[in-house]
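Please work out how this folds:
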Amino acid sequence: MPRIRLLIAYEGTDFHGWQRQEPPDRDPLRTAQGVLTDAISDLMNQRVSVNGASRTDAGVHARGQVGSFSIAESRIPIERLPMAINTRLPHDIEVRSAREVEDAFDPVRDCISKSYSYRLRHGPDGRPTQLQGRPDPFDRKWTAHCRQQLDLERMRRAASHMVGTRDFRAFAHCPDQRETTVRSVHTCTVVETGAGLLRFEIAGSGFLYHMVRIMVGTLVDVGRGRLEAESIESVIASLDRAKAGQTMAPEGLCLDWIHYGDVAPTPFQRELL
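As a prediction, this is how the structure comes out:
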């Protein structure tokens, strides 16, 4: 029974996250997993189950989501599969590549590391780009906004304190839902990519619910002067969600890549994994 691994990209604005949701008392919600599963099932003329590597939240985007499914047989050559699936998908989700993998491949269990980025405009230059007096939809959908001018150097110092294997309970929403809140953060950087435009890059072994958005919110509080850069260590040690910063809006967040050991990811990577 062939098992197929997909690289998937989607613009998350109109999705209720990745995971399929079928409330018992109403119609199924529109999710990336649901739309993709229905499209592949229709193409293959058999019901398939597409499993994803990361449960992105409503409004969160992905360039490098990984999914997999098994089928009894396929009449479509693997190199033509992305194009065939895409003809059945809406404009805001796309299969970027496909390959056959071992039957035992599990996109969650086999993941070695993953990376998210977060786009934020700030200060006088940080207002949404205007088109004919209205916010640019692309800027609004992909970028969060902060009216205050943030101190980049303070945030960079704070970001360095988030790297390491720690108990990140203070940076998690509903931490008791996980067996452990210990995670390894490999990199945490803040880059200025334009006037008033920041990009946060956070890579690690895995992340807790809302962890990346809370980490960015905490760095923003440092940039505002509400927290000292060196206080990050005490925030982590406190294991107290109330000590960390706000949960940032979902539209700035994007899942960039997931690493399985076969292709080495690099910062700002845009390769197909």
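
Now the helix or strand that contains residue 35: buried residues?
Assigned by DSSP states H and E, residue 35 belongs to helix 32-44. Residues of helix 32-44 classed as buried by neighbour count (16 or more other CB atoms under 10 Å): 32, 33, 34, 35, 36, 37, 38, 39, 40, 41, 43, 44. In short, each C-beta sits where N, CA and C put it, glycine included.

and that helix, average pLDDT?
For helix 32-44, mean pLDDT is 96.

quick one: contacts for the closest residue in space to residue 15 that isn't next to it in sequence?
Nearest non-adjacent residue to residue 15, counting by CB to CB, 6 or more residues apart in numbering: residue 32, 5.0 Å away. Contacts for residue 32 (CB atoms under 8 Å, 6 or more residues apart in numbering) come out as 8, 10, 12, 15, 17, 18, 52, 56, 62, 65, 93.

Let me see the ranges of the strands in the stretch 151-273 of the chain.
Using DSSP state E, counting those that start in this stretch, the strands of the stretch 151-273 of the chain run over residues 164-167, 182-194, 197-204, 253-259.

on that earlier part again, mind listing which of the contacts of residue 32 are in helices?
Among those, no residue falls in helices (DSSP state H).

Counting neighbours, show which residues of stretch 112-124 come out buried.
113, 114, 115, 116, 117, 118, 119, 120, 121, 122.

Which strands and helices lie in contact with whichever strand or helix holds the fourth one?
So that's residue 116. Assessed by DSSP H and E, residue 116 sits inside strand 113-122. Applying 3 or more CB pairs under 8 Å, 6 or more residues apart in numbering; DSSP states H and E, one finds that strand 113-122 makes contact with strand 144-146, strand 197-204, helix 211-224, strand 253-259.

Show the model's pLDDT score for the residue of the chain positioned farthest from its centre.
Distance from the C-alpha centroid of the chain, by CA atoms, centre = their mean, peaks at residue 75 (32.8 Å). You'll see residue 75 listed with a pLDDT of 86.

repeat for residue 176
67.

contacting residues for the residue lying closest to residue 115 once chain neighbours are set aside?
What sits nearest to residue 115 in space, not counting adjacent residues and going by CB to CB, 6+ apart, is residue 203, at 3.8 Å. Going by CB under 8 Å, 6+ apart, residue 203 touches 113, 114, 115, 116, 185, 186, 187, 265.

ok, so what distance separates residue 203 from residue 186?
From residue 203 over to residue 186 the distance is 5 Å, taken as CB to CB, to the nearest Å.

Need the residues touching each of the two.
residue 113.

returning to what we had before: among the contacts of residue 32, which ones are in strands?
Of the contacts of residue 32, the ones assigned to strands by DSSP state E are 8, 10, 52, 62, 65, 93.

what about the closest residue to the fourth one other than its chain neighbours, how many residues close to it?
On the basis of CB to CB, 6+ apart, the spatially nearest residue to residue 62 that is not a chain neighbour turns out to be residue 255, at 4.1 Å. Applying other CB atoms under 10 Å, we find 27 other residues in the vicinity of residue 255.

what is the residue nearest to residue 115 paired to in the beta sheet?
In this entry, residue 203 is beta-bridged to residue 115, residue 187, by DSSP bridges.

neighbours of the nearest residue to residue 122 once chain neighbours are set aside, just the number please.
Leaving aside its chain neighbours, residue 122 sits nearest to residue 146 (4.3 Å; criterion: CB to CB, 6+ apart). Using other CB under 10 Å, residue 146 is surrounded by 18 other residues.

coming back round to it: for the residue nearest to residue 62, what are its contacts?
Residues near residue 255 by CB under 8 Å, 6+ apart: 54, 56, 60, 61, 62, 63, 64, 65, 114, 115, 116.

ok, of the residues you listed, which one's closest to residue 216?
Nearest to residue 216 out of the contacts of residue 255 is residue 116 (CB to CB; 9.1 Å).

Any figure for the gap between the closest one and residue 215?
9 Å.
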